[in-house]
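build the 3D model from these lines:
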Amino acid sequence: MNAVVSKPVAHAGQWLTFRIGAQLYAAQLAEVSEVIRDGSLTPVPGASPDMLGVRQLRGRIVPVMDGRLRLGLAQTDPAPDPVSVRIVLLVQGGQTFGLKVDAIGELVDSTGIDIAPPPTGRAARADDPVSGVLAWQGGFIALLDARRLCRMDAEDADAA
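The predicted model follows:
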């Protein structure tokens with residue numbers, strides 16, 4: 001009898017949760033550099049539709065993506081409360097990029113909690129950034145792979 005060995009879909013550890021629409025998402029805390037307030041962005045001509053623009057932050061140019069569009073979510077009415085909107089800055093492969101989210105949640109430690117693969121029946125996308133799900137407080141948190149979220153190849157992420 002052959003046993004199938006599956007590798008973990010996401011790493012245990014600490015995650016920063018945030019809300020986009022009605023769904024909770026999380027990024028590994030080790031990949032989060034900081035959380036900043038929403039601010040003015042400079043559009044980038046020819047960029048993908050989910051790229052809101054770039055922002056200067058302490059001498060660095062940081063691309064900022066729309067979390068809703070990047071994750072394939074519908075735009076909602078009414079718009080999120082502008083007071084709670086934040087940009088989560090993630091570092092991947094030595095590069096920083098921002099993800100605009102509706103609100104910041106809490107820190108969650110997934111140590112000792114089973115992380116399940118993304119649900120079947122989801123639209124198959126080669127660049128799907130959801131790497132797993134974590135049952136949490138009667139619902140679930142979709143765990144994000146920052147490398148796929150920012151569309152980096154494995155070699156790009158390892159280069160730095």
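
pull the contacting residues for the spatially most central residue of the chain.
Of all residues in the chain, the one closest to the mean position by Cα atoms, centre = their mean is Leu144, 4.8 Å from it. Residues near Leu144 by Cβ atoms under 8 Å, 6 or more residues apart in numbering: Tyr25, Ala26, Ala27, Pro129, Val130, Ser131. Glycine gets a C-beta too; all of them are placed from N, C-alpha and C.

switch to 10 Å and redo it
10, 15, 18, 25-28, 31, 67, 70-71, 88, 90, 99, 128-132 (Cβ atoms under 10 Å, 6 or more residues apart in numbering).

repeat that for Gly59.
Applying Cβ under 10 Å, 6+ apart, no residues qualify as near Gly59.

against Thr96, how distant is it?
With distances taken as Cβ to Cβ, to the nearest Å, Gly59 is found 12 Å from Thr96.

in stretch 90-103, which residues are buried?
Leu90, Val91, Gln92, Gly93, Gln95, Thr96, Phe97, Gly98, Leu99, Lys100, Val101, Asp102 (16 or more other Cβ atoms under 10 Å).

do you have the strands of the protein handy? List them.
14-20, 23-28, 32-37, 51-57, 60-66, 86-92, 95-101, 103-109, 115-116, 130-136, 139-144 (DSSP state E).

and those: which comes nearest Pro80?
Proximity to Pro80, assessed across these by Cβ to Cβ, is greatest for strand 103-109 (7.1 Å).

what angle sits between the closest one and strand 23-28?
50 degrees (axes from the mean of the first three to the mean of the last three Cα atoms, to 10 degrees).

where are the low-confidence patches of this protein?
Within the chain, the ranges that satisfy pLDDT under 70 run 1-10, 77-78, 121-127, 153-160.

go with 90
1-13, 21-22, 39, 69-83, 93-94, 110-132, 135-139, 147-160 (pLDDT under 90).

Gly46 versus Arg86, what's the distance?
27 Å.

and for Ser40?
From Ser40 to Gly46 the distance is 20 Å (Cβ to Cβ).

what do you get for Gly67?
21 Å.

which of the two has more neighbours?
Gly67 (26 against 6; other Cβ atoms under 10 Å).
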